[in-house]
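Peer 1: dropping a prediction and its sequence here:
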Amino acid sequence: MENKIARHEYLAIILLAVFFAPSARAQQTGTTAKPAEKKATPSVIAHAGSTSEATEPPKKVVIKVGSAEVTQKEIDFLISNMNPQAQQALAANGRKPLGDEYVKVLLLSQQAENDHLESNPELQEKMELQRTQMLAQAEYEKMSSEVKVTPDDIGKYYTAHQAEFETAQVREFVVRKKPDGAKEGTPGLSAEDAKATADKIRKSLAAGTDPTTVAKESAVPNVVMIDPEPRTIKHGQLLASLDKAAFELKEGQVSDVLDTPQAIVFLQIVGHHLQEQKDAATDIENKLRQEKLETAVGDLRNKSKVWMDEDYFKPRTAIATPPKTVPPDAPPKSKP
C-alpha cells in the first residue's frame with residue numbers, strides 16, 4: 001500500500017509538471033505566498049457538463065490500467081492542485097484529456113517497472129532528489145503559514161521607513177551633446193550651445209513660464225528632449241544628485257544641471273506624494289512575512305550541523321586578462 005501511495009504521488013507530480021505546467025512556487029519566485037485559500041471542490045472546478053458528477057462517491061474507481069485502479073478522489077485531488085489555467089482548460093474541455101494523459105503515465109510507469117528501471121541508480125537519485133524537494137517545499141509552506149505579521153508590526157515599519165513610501169513627480173529635461181570629432185549629422189549640440197540652451201530653459205521655468213509652452217518652444221527631436229507629462233519616481237531611481245533634488249526641492253523649483261559627457265540633464269519638481277499606511281499595508285506585510293520566514297530558515301540552519309567544502313563551493317572569481325608582453329626574441333618595431 002505504501003508503494004502504491006508513493007507511486008501515485010509521483011504520477012501526480014509528473015502530470016502537474018509536464019502536462020499542465022503549474023505556476024512557480026513561492027520558493028522559486030523569491031516571494032512568499034500566504035496560506036492557500038480553500039479551493040472549490042474539483043467537481044465544480046472541472047465541471048464537464050453533468051450535474052450528477054458532484055454526487056459521485058469519492059472512492060469510485062474511474063480508471064483501470066492492468067491491476068492499477070485510480071479513484072475519483074485521487075483525480076479530484078490532482079485537479080485541485082492544478083494551476084488556474086489548467087482548471088479553466090478542464091472546465092472548457094472536460095476531463096477526458098486528463099484521463100488520457102493519466103492512462104499514458106500509468107502505462108509507461110508499469111512498463112518501466114516491467115523493465116526494472118526503478119533499479120537504475122540515476123533514476124533512483126532523481127526520484128530521491130524530487131522527494132527531498134517536495135518535502136522542503138512542504139516545510140517551507142508550513143513555516144510560511146505560521147509566520148504572523150501584526151498591525152503593530154506594519155505600523156512600526158511604516159514609521160521607520162517613510163522614504164520607501166515617498167514619491168516625487170518630476171519633469172525631466174535633457175539637452176544632448178555632440179561628441180568631439182563626431183561625424184556630420186550626428187544629433188546633439190556643442191558643449192557651449194548645450195549649456196546655453198539648458199540655461200535658457202531653466203530661466204524660462206524659473207520665471208513661471210508654463211512647461212508646455214517651454215516644451216513647444218525648446219524641444220528638438222533627439223537633441224532637446226522634454227517630458228510633456230511628469231513621471232513618478234521613488235527614492236534611488238535617479239542618479240544621486242538628481243534624486244536628492246527630486247525629494248528636497250519644492251513644487252515648481254528647478255534642479256541644478258547634471259553635466260555629463262553625453263548630455264545636460266535637470267528636473268522640474270511637479271509635486272510629492274506620501275503613500276498612506278493603509279495603502280502600503282499589503283506590501284509591508286508581504287515584505288515582513290518574507291523577512292521573518294528567511295530569519296526562521298536562517299535559525300534552522302544555525303541550529304543544525306551544516307558543513308560545506310569551502311574549496312568546492314568557493315566564490316567564482318573573475319579571470320584576469322594577462323597583460324600583453326613582447327617575447328624576448330621579438331624583433332624591435334621599426335620607427336616610422
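Peer 2: Yep, it's here.
Peer 1: for the closest residue to residue 59 other than its chain neighbours, give its distance to residue 106.
Peer 2: Distance criterion Cβ to Cβ, 6 or more residues apart in numbering; nearest residue to residue 59, sequence neighbours excluded, is residue 71 at 5.4 Å. Placement of C-beta: from N, CA and C, glycine included. Computed with Cβ to Cβ, to the nearest Å, the distance linking residue 71 and residue 106 is 13 Å.
Peer 1: neighbour count winner among those two?
Peer 2: The residue with more neighbours, out of residue 71 and residue 106, is residue 106; 19 against 16, by other Cβ atoms under 10 Å.
Peer 1: tell me what the helix or strand containing the more buried one is packed against?
Peer 2: Assessed by DSSP states H and E, residue 106 sits inside helix 96-114. In terms of contacts (3 or more Cβ pairs under 8 Å, 6 or more residues apart in numbering; DSSP states H and E), helix 96-114 is packed against helix 2-14, strand 61-65, strand 68-71, helix 72-80, helix 84-93.
Peer 1: helices or strands up against the fourth one?
Peer 2: Looking back up the chat, that one is helix 72-80. Right, helix 72-80 is packed against helix 2-14, helix 42-45, strand 61-65, helix 96-114 by 3+ Cβ pairs under 8 Å, 6+ apart.
Peer 1: how about 6 Å then?
Peer 2: helix 42-45 (3 or more Cβ pairs under 6 Å, 6 or more residues apart in numbering; DSSP states H and E).
Peer 1: can you give me the mean pLDDT across the helix it packs on?
Peer 2: Mean per-residue pLDDT for helix 42-45: 35.
Peer 1: over to residue 150: give its phi and psi.
Peer 2: In terms of degrees, to the nearest 10, the main-chain angles of residue 150 are phi -90, psi 160.
Peer 1: would you mind measuring from it to residue 205?
Peer 2: 47 Å.
Peer 1: which one of the two has more residues nearby?
Peer 2: Between residue 150 and residue 205, counted using other Cβ under 10 Å, the more crowded position is residue 205 (19 against 10).
Peer 1: dump the residue contacts of that one.
Peer 2: Neighbouring residues of residue 205 by Cβ atoms under 6 Å, 6 or more residues apart in numbering: 254, 268.
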